[in-house]
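Q: Give me a 3D structure for the following:
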Amino acid sequence: MASSTLTLTLILLVLTLSTLLAESASYTPAPSTKKLMNPIDSCWRSKPNWAANRQALADCAVGFGKNAIGGKYGAIYVVTDPSDDAANPKPGTLRYGVIQSKPLWITFARSMVIRLKNELMINSYKTIDGRGAKVEIAYGPCITIAHVSHVIIHGISIHDCKPGYSGVVRDSPTHAGHRRGSDGDGIDVFASTDVWIDHCFLSNCYDGLIDVIHASTGITISNNFFTNHDKVMLFGHDDSNVEDRVMKVTVVFNHFGPGLVQRMPRVRLGYAHVANNRYSQWEMYAIGGSANPTIFSEGNYFMAPNRAEIKQVTKREVKNGWQNWKWRTSRDRFMNGAYFVTSGYGTTATGYSKTQSFQVADGSMVPALTSDAGPLTCAANGSC
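A: Residues are numbered from 1 along each chain as shown. Below is the predicted model:
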């Protein structure tokens, strides 16, 4: 009897071990539901109390625009009225807020489409924060950042921008001047410093989507979604405009979507760090330039178009003399036959300060890091 009991116990033990071994061999861990965020987003998006401390966003920029504080140390100004008067704006309108001399963090009471009567001249130390609403600036002249500093534009859609008109435009509480008419850019950064453009949607404007010109520097353009446009971004006004040699721009975590042709960006004279961006094809080229700019392409994801003659990422806007220009690629991913023509000798290092520096991922990670490019859907009592 004892022998039979021992035998049965051994059989059950063997069966149990066999089952455990089979289960362990076939076990697959459940996929993680934790979203991969880039360094800018991870700085603030996971905090459910973001709406109670909106100004904390100002601490999250990376790259050359890191020092842009916008209206971090100012009051909250709430836009309640989508109307516009270029010369004498009313309280409650966007224009009234952006022209004030004091720092302001500008938010929106509700979703709205703002059709500006003329270009919007933004004064220093201003943040336009569209989180929590769907805000569009469209169907008229759009944004000018000229001769100012410390401007943040976050979470709005800018599209179908038209040229401005000759006329009076107010740019401060004490000054309204005659403007000859803007070019029809989405955002024009002119002779300005410490500017950060983050999580915006830009599309289908008359001229460029973003221009950075006339010695503007200390700029970061991040987490934006660009689509349906020809000349996307121009850095540097003209080949002979030598003041643009001081220009330093970081282009990071953006998604260059369908329907784009060229200039992502086009650089003259200055320095551009183009890192961890996603390029969903192009119709002429992705990154170009003239007048001996320095371009460091790092960890980007380039999906070339199917046409063999336009698979090159780069374009020099000259026939010769470009061999010494410093254009480099590092850890980029080239898909569907995309390729980058390098040139020049010597370093293309960013020269970032400790606070400006950030970890650049391998290009293979870019689709995940840019998956939320453009304005986010944010609830006041939850994470974005």
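Q: what's the distance between residue 270 and residue 327?
A: Separation of residue 270 from residue 327 (C-beta to C-beta, to the nearest Å) stands at 13 Å. All C-beta atoms are positioned from the backbone trio N, CA, C, and that covers glycine.
Q: ok, now residue 129?
A: Using C-beta to C-beta, residue 129 is found at 36 Å from residue 327.
Q: Likewise for residue 257?
A: To residue 327, residue 257 is 24 Å away according to C-beta to C-beta.
Q: between those two, which one's more packed in?
A: A count of neighbours by other C-beta atoms under 10 Å puts residue 327 above the other of residue 257 and residue 327, at 24 against 20.
Q: wait, doesn't that one sit right on residue 342?
A: Yes. Here residue 327 reaches residue 342: they are 5.8 Å apart, a contact under C-beta atoms under 8 Å.
Q: Just read off the phi/psi values of residue 366.
A: Comment: the main-chain dihedrals of residue 366 come out as phi -60, psi -40, following degrees, to the nearest 10.
Q: what sits against it?
A: Under the criterion of C-beta atoms under 8 Å, 6 or more residues apart in numbering, the neighbours of residue 366 are 276-278, 299-301, 333.
Q: Out of the residues you listed, the closest to residue 316 would be?
A: residue 300 (18.2 Å; C-beta to C-beta).
Q: Who are the contact partners of that closest one?
A: For residue 300, the residues meeting the contact criterion (C-beta under 8 Å, 6+ apart) are 274-279, 332-333, 363, 366.
Q: Tell me which two in the residues you listed are the farthest apart.
A: For these, the farthest-apart pair by C-beta to C-beta is 274 and 333; their separation is 13.5 Å.
Q: follow-up on the earlier one: what sits in contact with each of residue 270 and residue 327?
A: Any residue near both residue 270 and residue 327 by C-beta under 8 Å, 6+ apart counts here, and that gives residue 294.
Q: on that earlier part again, out of the contacts of residue 300, who's the most crowded?
A: Neighbour tally across those (other C-beta under 10 Å): the maximum, 30 neighbours, falls on residue 277.
Q: Just grab the bridge partners of the residue most central in space within the chain for me.
A: With distances taken as C-alpha atoms, centre = their mean, the chain has residue 222 as the residue nearest its mean C-alpha position (2.2 Å). Beta bridges link residue 222 to residue 198, residue 252 when assigned by DSSP bridges.
Q: And it, what's its pLDDT?
A: In this model, residue 222 is scored at 99, pLDDT.
Q: Which parts of the stretch 201-350 of the chain are helices?
A: Using DSSP state H, counting those that start in this stretch, no helices are found in the stretch 201-350 of the chain.
Q: which residues of it score low on pLDDT?
A: Applying pLDDT under 70 to the stretch 201-350 of the chain flags no residue at all.
Q: if I pick residue 94, what's in contact with it?
A: Applying C-beta under 8 Å, 6+ apart, we find residue 94 in contact with 79, 82, 84, 106, 114, 120, 128, 137.
Q: Please apply the same query to residue 271.
A: Under the criterion of C-beta under 8 Å, 6+ apart, the contact list for residue 271 reads 247-249, 293-296.
Q: which residues in the stretch 51-200 of the chain form strands?
A: With strands called from DSSP state E, counting those that start in this stretch, the stretch 51-200 of the chain shows them at 75-79, 104-108, 112-114, 120-121, 126-129, 135-138, 143-146, 149-154, 157-159, 167-172, 175-179, 187-190, 193-198.
Q: now the angle from the last one to strand 149-154?
A: This points to strand 193-198. Counting by axes from the mean of the first three to the mean of the last three C-alpha atoms, to 10 degrees, strand 193-198 points 0 degrees away from the direction of strand 149-154.
Q: Check which helices and strands strand 193-198 sits against.
A: Under the contact criterion of 3 or more C-beta pairs under 8 Å, 6 or more residues apart in numbering; DSSP states H and E, strand 193-198 touches strand 149-154, strand 217-222.
Q: switch the cut-off to 10 Å
A: In terms of contacts (3 or more C-beta pairs under 10 Å, 6 or more residues apart in numbering; DSSP states H and E), strand 193-198 is packed against helix 39-44, strand 126-129, strand 143-146, strand 149-154, strand 187-190, strand 210-213, strand 217-222, strand 248-252.
Q: What separation is there between residue 87 and residue 61?
A: Here the distance between residue 87 and residue 61 works out to 33 Å (C-beta to C-beta).
Q: re the thing from before, what is in contact with residue 274 and residue 333 at once?
A: Between them, residue 274 and residue 333 have 299-300 as joint contacts when contacts are counted by C-beta atoms under 10 Å, 6 or more residues apart in numbering.
Q: got a list of what residue 141 touches?
A: So residue 141 contacts 84, 86, 115-120, 161-165, 169, 179, 181-185, 206 (C-beta under 10 Å, 6+ apart).
Q: Give the phi and psi angles for the nearest residue to it once chain neighbours are set aside, as a check.
A: In this structure, residue 141 finds its nearest non-sequential neighbour in residue 164, 3.9 Å apart by C-beta to C-beta, 6 or more residues apart in numbering. Backbone torsions for residue 164, taken as degrees, to the nearest 10, come to phi -80, psi 180.
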